[in-house]
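1. Structure, please.
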Amino acid sequence: MTNAEHIAEERAPGGARPPSRLRQLAAASIGNAVEWYDWYAYSFLAVYFAEQVFPKGAGNSLVPLLSTFAVFAVGFFMRPVGGLLMGAIADRRGRRTALTLTILLMGGGSLLVALTPTYAATGVLAPLVLVLARLVQGLSVGGEFAASTTFLVESAGPGRRGLFSSFQYVSTTAGQLLASGTAALLAALLTEQQMGQWGWRVAFLIGALLSLLGLWIRRGAQETLRELPDAQQAADRPGLFEALRRHPRQSLLICGITAGGTIAYYTWTTYLPTYAQVNAGFDKGDALTVGTLSLAFFALLQPLGGMLSDRIGRKPLLLGFSLGFAVLAVPLLHLVTDAFISLLLVQCAGMVLLTGYTAVAAAVNAEVFPARVRAAGIGFPYSLTVALFGGTAPYVGTWFKQAGHADLFPWYVAALCLVSFLVYLTLPETARQELDK
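-> Next up, the predicted model:
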C-alpha cells in the first residue's frame, strides 16, 4: 500500500470505513490556510486603509492610541484568550465544533474589516470597529492552533503523526503566501487611489468567502474526540482551567518548547526582510521577493521534516533546530548585506533549521497532554508564549536598533533557542508511543 493510500483509507475497529484521512487533513489544513490568509491580509494591506480609518492629525489623542493598539497589540493579546476558550470548547464539545467556531469567527472578523467605515464618515467609530474586528480575529487564530493541532494529530494513522503535524505550518505558510499574492495582484490591477478607496476591502471580502469554503469542508470531517457514555460525559467534562490546574508541569513544558521556536519563526518568516532593510539598507521590494521565495521553500520542507520525525523521532529534529539557532543565529544575521543572494541564502538556511521545530511542533505539543484536556492544555500556554516572544520579535529588534544596540537582537534569538534546547533535552521520545485518545 502506498503512503497516499495509507493516509487516505484505514479500516476502523469492527470493519467500518471512516471518512478519508485525506478529508481530515484537508479539513484542518484548508481551514487553517484560510484563517492565516485573513490574519496576514491585514498586515499586507494596512498601508492602504490606515489613512481611511485613522485621522492624519494628532488633535484627538484617543485615535492614535487606538491605532497603535489595533495594529500592534490587539490580535496577539486575544490569542491566549482564544487558545483557552476554544481549547476548552474542543475538549468539552469536540474538535470539529471548535474548528467550526474558529473559522466562523475569522470569516466574521474579515467581513467586519471589509465593512469598516472611514474616519471621515463616522469619526472614532471607524477605528473602534477595526479594533473589534482584530479582537475577533485574534480570538479565532488563538483557538485555531489549539483545535487544528489536536485534530490533525488525532486524525493521523499509525506512524504518520509527524507527517500530519507538518501540515500545520504548510497551511499557515500557504495562507501567508495567498494573502501576499492577493495584495500584490490587487495592487497591480488597481491604481493607488483605487486601492486606498476600495481595493483593500476586496481582499477581506475574499477572505470572508474563503471562510465559507473552509466551513463547508470542515463540516464533513469526522470528530476525533472519543465519545463517552452519557452518564460519564457530564461528570468528565473538563473545566476551563483544568489543564493548567491539573497539569502545571506540562503547561510550562509547552512554554519551553515554544519559546525558541516562536522567536525563530517570527524572526525568519516575518521580521527578516525588515531587519535587512533597517540594518543593511536592503531594497524593500527585493526584501519582499526574497521573503516570498523563502516561504515557498519553507512550505515544501515541512512534510519532509514530518516524515523524517516519524522515522527517527521528534527529539533529533528539535535538538538540531535549537542548537543550530543557538550557535548560528548570530553569524547568520551578521551575514545579511544589501546583496539579494545574501539575504536569500540566510533566510533559506534559517528555514532549513526552523523546519526541525515547525514540522513536529503540533505532534510534540499534542503528545504532551492526555486527550481529555489536550486542546486547552496546548492552546493557552502556546498562544501566551507566542504573544510574549513571537509577536514582539519585530518590536524588540527595532527597539535594539533605536537604542543603538542592533547587534544584541541576534543574541536574544540565540538565547531563547538555547533555553528551548535545554527543555528538549528533558523530553521523552514520543514518536513511537501510542497517542492517548
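2. could you give the mean pLDDT of stretch 26-42?
-> Stretch 26-42 shows a mean pLDDT of 87.
3. Output that stretch as PDB - backbone C-alpha positions only.
-> In PDB, the C-alpha atoms belonging to stretch 26-42 read as follows (Å, rounded to 0.1, in the frame of the first residue of the first chain):
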ATOM      1  CA  ALA A  26      -7.900  18.900   4.100                       C
ATOM      2  CA  ALA A  27     -10.400  20.000   6.800                       C
ATOM      3  CA  ALA A  28      -7.700  21.100   9.100                       C
ATOM      4  CA  SER A  29      -5.200  22.400   6.500                       C
ATOM      5  CA  ILE A  30      -7.500  24.300   4.200                       C
ATOM      6  CA  GLY A  31      -9.400  25.900   7.100                       C
ATOM      7  CA  ASN A  32      -6.100  26.800   8.700                       C
ATOM      8  CA  ALA A  33      -4.800  28.400   5.500                       C
ATOM      9  CA  VAL A  34      -8.000  30.500   5.300                       C
ATOM     10  CA  GLU A  35      -7.500  31.600   8.900                       C
ATOM     11  CA  TRP A  36      -4.000  32.700   8.200                       C
ATOM     12  CA  TYR A  37      -4.900  34.400   4.900                       C
ATOM     13  CA  ASP A  38      -7.300  36.600   6.900                       C
ATOM     14  CA  TRP A  39      -4.800  37.200   9.600                       C
ATOM     15  CA  TYR A  40      -1.900  38.200   7.300                       C
ATOM     16  CA  ALA A  41      -4.100  40.200   4.800                       C
ATOM     17  CA  TYR A  42      -4.400  42.900   7.500                       C
END
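4. For R160, grab phi and psi.
-> Backbone torsions of R160, given as degrees, to the nearest 10, read phi -130, psi 10.
5. what about it, neighbour count?
-> 21 (other C-beta atoms under 10 Å). No exception for glycine: its C-beta is placed from N, CA and C like everyone else's.
6. distance of it from G75?
-> As judged by C-beta to C-beta, to the nearest Å, R160 and G75 stand 32 Å apart.
7. Run the chain-centre distance for the longest helix along the chain.
-> Longest among the helix segments of the chain by residue count, using DSSP state H, is helix 21-53. Distance of helix 21-53 from its chain centroid, counting by C-alpha atoms, centre = their mean, to the nearest Å, is 10 Å.
8. Show me which positions of it end up buried.
-> In terms of neighbour count (16 or more other C-beta atoms under 10 Å), helix 21-53 has its buried residues at 21, 23-42, 44-45, 48-50, 52-53.
9. do stretch 288-296 as well
-> V290, G291, T292, S294, L295.
10. so of those, which ones are in helices?
-> V290, G291, T292, S294, L295.
11. Name the secondary structure element that contains the closest residue to the fourth one other than its chain neighbours.
-> Using C-beta to C-beta, 6 or more residues apart in numbering and skipping residues adjacent in sequence, the residue nearest S294 is Q347, 4.0 Å away. If you go by DSSP states H and E, Q347 is part of helix 340-358.
12. In that helix, which residues are buried?
-> For helix 340-358, by 16+ other C-beta under 10 Å, it's 342-351, 353-358.
13. cool, stretch 78-96 as well?
-> Residues of stretch 78-96 classed as buried: 78-92, 94-96 (neighbour count, 16+ other C-beta under 10 Å).
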